[in-house]
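[1] Would you be able to build a 3D model of this:
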Amino acid sequence: MSLPPSTLWLFVGFLCLMAGTLAGEPSAAAIGIAALITGIAALSLASATVQVILWGILSIALIVVLRGMVPKASIDLSPAQEATVTETIPPSGIGLVSYEGALWRARCQISDISIAPGQMVYVVGRQGLTLMVLPTTFLEEIEDFSNRPRIKS
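    A predicted model of the protein is given here:
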């Protein structure tokens, strides 16, 4: 007993769709979706050649569309890169810094410090589109403090 072509397309489509979903691979999912659509179209298309051509075109189109929807990995900021404050960063507020040739929103990681324009800051992280910064003088003070001789009791 042989299966009708539409049933075979639907079976293969579900298998590819499940494999793509479990593996997190949009290409396999796209091929599965294309097979499902071809299975539905096979109910009215008798020619196997036309079905395979339809499946191929749909697969390529859906792979291109689904690949474009996958978010790209962000490039992490290198630790302790310098930026220049261009608009005051108020305590617990947001200001602007010039970083790598572009203006970025920035917030001081220490909530009770204000940083004036023209000061250099270290970029220590990013939250969304806001850079987290520390004043360069703050890190120097920490280094000076850690190099002080300790009193033994």
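[2] use CA for all of it now, contacts and neighbours both
    OK.
[3] Got phi/psi on L103?
    The phi/psi pair for L103 (degrees, to the nearest 10) reads phi -90, psi 130.
[4] what about the residue nearest to it when sequence neighbours are not counted, how many neighbours?
    Spatial nearest neighbour of L103, excluding adjacent residues (C-alpha to C-alpha, 6 or more residues apart in numbering): V97 at 5.6 Å. As a burial measure, V97 scores 30 neighbours (other C-alpha atoms under 10 Å).
[5] Give the helix, strand or coil label for V97.
    strand (DSSP: H, G, I helix; E, B strand; the rest coil).
[6] now swap in I110 and tell me
    Per three-state DSSP, the secondary structure class of I110 is coil.
[7] residues in contact with it?
    I110 is in contact with S92, L134, counting by C-alpha atoms under 8 Å, 6 or more residues apart in numbering.
[8] how much space between it and P117?
    To P117, I110 is 17 Å away according to C-alpha to C-alpha, to the nearest Å.
[9] now swap in L10 and tell me
    Here L10 is placed at a distance of 63 Å from P117 (C-alpha to C-alpha).
[10] Show me where the chain dips below the pLDDT cut-off.
    Counting by pLDDT under 70, the chain shows low-confidence ranges at 1, 71-80, 138-153.
[11] Mind jotting down where the helices sit in it?
    For the chain, the helices defined by DSSP state H occupy 5-23, 26-41, 48-69, 136-146.
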